[in-house]
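**Student:** here is a sequence with its predicted model. Questions after.
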Amino acid sequence: MSLITARDLSVSHGRRQVLRGVNISIDPGEIVTIVGPNGSGKSTLLRALLGMLRVSGQISRKPGLVVGYVPQKLALDRSLPMPVSCFLNLPTRHSPAKQAEVLRRVGVPDIARQQVAELSGGQFQRVLLARALLARPDLLVLDEPTQGLDQNGEAAFYRLIEAVRREMGVAVLMVSHDLHVVMSASDRVICLNGHVCCEGTPHVVRDAPEYRALFGQGTQGALALYQHEHDHAHHDCDHDHAAKKDIAHAG
Ligand SMILES: Nc1ncnc2c1ncn2[C@@H]1O[C@H](COP(=O)(O)OP(=O)(O)OP(=O)(O)O)[C@@H](O)[C@H]1O
């Protein structure tokens, strides 16, 4: 049974429709990455799936589903004096032993007493991940989790995500702008631009015309992501969604 499924999902911000007719489902233990140009509705889709927005269409969640969410921006004044251990207790209190275990798991074992304001960007991302993992989620939702990290930091973070998935069996739904990472770390990629342009295993998507129109080819693709106007006609690429998913699970 899927953890979360949305059918014919549409979302408007005010009078502006941001998402239309989106179908998506996340299965236990899979890593799914959403890519798309700025403003294409990626964060909106995550927030809609989490039940944070008014939507039209259907969203169903597995009963008792626990989600750990790491938002793109956290409205936290990092100049506030607050040790990591206190931050990890927001909003639910956890024992020091449990905190230590999860901090060790995300690769920052010695920082419980450190001030949040003193953490590097990479350490702070790991603390955010630790906080999400403390809830023992079935599904981790990460909105551009490596924003602000350098390439090494990004690669290390995604390796960590894969290790956490392997060890805890948690499914991961994330937004990324890093094509290279998307290709290597995801079971399934969804290209979004107000609607699902195409989706499937990284290899299936890489060869899809819709994906190439969005990202171009080769290393120049990352630039295309930001420049693309996305006015091409759409071949209905949802029709073989089931087949692609099969490939995703077989591979
Ligand atoms: N709360 C809001 N009220 C009004 N408009 C919004 C709101 N949130 C998002 N939007 C608009 O909806 C569109 C999609 O925004 P969203 O943040 O989902 O895109 P995104 O793909 O995540 O972008 P980015 O890659 O820049 O993070 C944008 O045009 C944005 O300005």
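**Tutor:** That came in fine, so what should we check first? Residues are numbered from 1 along each chain as shown.

**Student:** now do the same contact list for residue 7.
**Tutor:** For residue 7, the contact set (Cβ atoms under 8 Å, 6 or more residues apart in numbering) comprises 23, 57-59. From N, CA and C alone the C-beta is placed, and that goes for glycine too.

**Student:** adding distance to residue 185, write these out as TSV.
**Tutor:** Shown next, in TSV, are those (distance: Cβ to Cβ, whole Å):
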residue	distance to residue 185
23	23
57	29
58	29
59	26
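
**Student:** which of the residues you listed count as buried?
**Tutor:** Buried by 16 or more other Cβ atoms under 10 Å: 23, 57, out of the contacts of residue 7.

**Student:** so which of the contacts of residue 7 comes closest to residue 170?
**Tutor:** The shortest approach to residue 170 among the contacts of residue 7 belongs to residue 59, at 19.8 Å (Cβ to Cβ).

**Student:** thinking that closest one is in contact with residue 52, fair?
**Tutor:** No: applying Cβ atoms under 8 Å, one finds residue 59 not in contact with residue 52, separated by 11.2 Å.

**Student:** circling back: in strands only, show me the contacts of residue 7.
**Tutor:** The strands, defined by DSSP state E, take in 23, 57-59 from the contacts of residue 7.

**Student:** the residues you listed: which two are farthest apart?
**Tutor:** Pairwise over the ones in strands among the contacts of residue 7, using Cβ to Cβ, the maximum falls at 23 and 59, 11.0 Å.

**Student:** overlap in contacts of these two?
**Tutor:** Shared contacts of residue 23 and residue 59, counting by Cβ under 8 Å, 6+ apart, come down to 6-7, 9.

**Student:** tell me what the longest helix seen in the chain is packed against?
**Tutor:** Counting residues, the longest helix found in the chain (DSSP state H) is helix 151-168. If you count contacts as 3 or more Cβ pairs under 8 Å, 6 or more residues apart in numbering; DSSP states H and E, helix 151-168 packs onto strand 31-35, helix 121-133, strand 139-143, strand 171-175, helix 179-185.

**Student:** buried ones in the longest one?
**Tutor:** Residues of helix 121-133 classed as buried under the neighbour-count rule (16+ other Cβ under 10 Å) are 122-133.

**Student:** tabulate these in CSV, adding columns for distance to residue 81.
**Tutor:** What follows is the buried residues of helix 121-133, written out as CSV (distance: Cβ to Cβ, whole Å):
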residue, distance to residue 81
122, 21
123, 17
124, 15
125, 21
126, 20
127, 16
128, 19
129, 23
130, 20
131, 18
132, 23
133, 25
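
**Student:** show me the contacts for the most centrally placed residue in the chain.
**Tutor:** The chain has residue 174 as the residue nearest its centroid, 1.0 Å off, counting by Cα atoms, centre = their mean. Contact analysis of residue 174 by Cβ under 8 Å, 6+ apart lists 31-34, 140-145, 161.

**Student:** separation between it and residue 56?
**Tutor:** Applying Cβ to Cβ, to the nearest Å, the value for residue 174 to residue 56 is 25 Å.

**Student:** same question for residue 131.
**Tutor:** Distance from residue 131 to residue 56, by Cβ to Cβ: 32 Å.

**Student:** what do you get for residue 100?
**Tutor:** Distance of residue 100 to residue 56, given as Cβ to Cβ: 45 Å.

**Student:** bridging residues for residue 188?
**Tutor:** residue 32 (DSSP bridges).

**Student:** can you give me the pLDDT of it?
**Tutor:** For residue 188, the pLDDT comes out at 93.

**Student:** tally up the residues packed near it, please.
**Tutor:** Neighbour count for residue 188, taken as other Cβ atoms under 10 Å: 25.

**Student:** fine by me, we can end here.
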